[in-house]
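Chemist: Sequence and predicted structure are below.
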Amino acid sequence: MNKLRTVIVDDEPLARKGLSLRLADREDLELVAECGNGEEALKAVAELSPDLMFLDIQMPGMDGFEVVHSLQGDAMPMVIFATAFDQFAVDAFEVNAVDYVLKPVDDERLNAAIDRAVDSFNQQQLADQKQNLVTACMQLSGASASTVEDIADGKAESYPDKLSIRDGDEVHMVPVQEIDWIDAAGDYMCVHAANVTHIMRITMKQLEALLNPLQFLRIHRSTIVNRDRIASAQSLTNGEYLLTLHEGTRLKVSRSYRDRIRELTALSTTG
């Protein structure tokens, strides 16, 4: 479980101590700093990149709102305002605070605020992971963001129409329907399409995920074939199959994948 790196900011030492003792009971938080003023808070955020900050509002020098405004941007942690004054609640939520709790804070109210922060953090983590996947797939496949998001959401019917394959300074947009077969060559994939072999830097697992399994079959740990390109299959004495493609290429189907050949209802089998 990822713990939220947490900072307490309060000019009262006893308030900091009391809150830190109560936060110690939470397994989902890790207290990384206690700050007595706004300047210390800015320094702690810059050096420690916390996920969550408990922030007092009325402090000498820089108050809590000034701290928040100074932190707007990528470095901004989630904020729970903890104060003895209720007149700042509207202002607190206008700066997107996760919650606003009044001192003295009872345990139930404190834990509810923390739970909100944890839920918000987890949702953002999932959103970031999905965005990273979408970006990577867009770069690899040339598909639109909406198409790749469908793939990330597990919609099996959504697959890119083209693969984006870089060759030096050029990028070839290879129609998926033109692919005959694919085989692995070390850290690269050889994509054979329309009598041209394209070299693509991607793992077999990543590439297989971009291809519709109803059309593309894994027939070996290092080979994928377009089922529409199969002309015939021949069973061999060792339990393997030998496929012949329309353009003449012959490919072996290992025993681990031979059951997939039986799914090809239009296949003419000899031997």
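Modeler: Thanks, I have the structure now.
Chemist: all strands of the stretch 1-150 of the chain, in order?
Modeler: Per DSSP state E, counting those that start in this stretch, the stretch 1-150 of the chain carries strands over the ranges 4-9, 29-35, 52-55, 78-83, 99-102.
Chemist: Show me this structure divided up by domain.
Modeler: In terms of domains, the chain is parsed into 4-119, 161-270 (source: automatic domain parsing).
Chemist: Enumerate every residue touching D51.
Modeler: 4-6, 77-78, 121 (Cβ atoms under 8 Å, 6 or more residues apart in numbering). All C-beta atoms are positioned from the backbone trio N, CA, C, and that covers glycine.
Chemist: Who wins on neighbours among those?
Modeler: T6 (27 neighbours; other Cβ atoms under 10 Å).
Chemist: hmm, back to that, quick one, which of the strands of the stretch 1-150 of the chain gets closest to D187.
Modeler: strand 4-9 (35.6 Å; Cβ to Cβ).
Chemist: Starting from that closest one, tell me which strands it pairs with and how they run.
Modeler: Strand pairing for strand 4-9, determined by DSSP bridges: strand 29-35 (parallel), strand 52-55 (parallel).
Chemist: quick revisit: which of the strands of the stretch 1-150 of the chain sits most buried?
Modeler: Ranked by mean neighbour count, these are led by strand 52-55 with a mean of 28 (mean count of other Cβ atoms under 10 Å).
Chemist: re earlier: could the domains of the chain be laid out in a markdown table, adding mean pLDDT?
Modeler: Converted to a markdown table, those look like this (pLDDT from 0 to 100):
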| stretch | mean pLDDT |
| --- | --- |
| domain 4-119 | 89 |
| domain 161-270 | 83 |
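Chemist: Buried deepest among those domains, which one?
Modeler: domain 4-119 (a mean of 17).
Chemist: Tabulate the domains of the chain (JSON lines), appending distance to L126.
Modeler: Listed next are the domains of the chain as JSON lines, based on distance: least, Cβ to Cβ, whole Å:
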{"stretch": "domain 4-119", "distance to L126": "11"}
{"stretch": "domain 161-270", "distance to L126": "19"}
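Chemist: So which of the ones you listed is nearest Q125?
Modeler: Each of the domains of the chain has some distance to Q125 by Cβ to Cβ; the shortest is domain 4-119, at 9.9 Å.
Chemist: And the closest one, end to end?
Modeler: Domain 4-119 has an end-to-end distance of 11 Å (Cα to Cα, to the nearest Å).
Chemist: is I165 in a bridge, and if so with what?
Modeler: Applying DSSP bridges to I165 yields these beta-bridge partners: H172.
Chemist: what residues are up against Q125?
Modeler: If you count contacts by Cβ under 8 Å, 6+ apart, Q125 has them with N2.
Chemist: next one: V45
Modeler: So V45 contacts 7, 53, 71, 75, 77 (Cβ under 8 Å, 6+ apart).
Chemist: sorry, back to before: tabulate the strands of the stretch 1-150 of the chain in a markdown table, adding columns for distance to Y188.
Modeler: Putting the strands of the stretch 1-150 of the chain into a markdown table (distance: least, Cβ to Cβ, whole Å) gives the following:
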| stretch | distance to Y188 |
| --- | --- |
| strand 4-9 | 40 |
| strand 29-35 | 42 |
| strand 52-55 | 43 |
| strand 78-83 | 43 |
| strand 99-102 | 51 |
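Chemist: Let me know which of these is the nearest to D183.
Modeler: Checking these against D183 by Cβ to Cβ gives strand 4-9 as the closest, at 45.8 Å.
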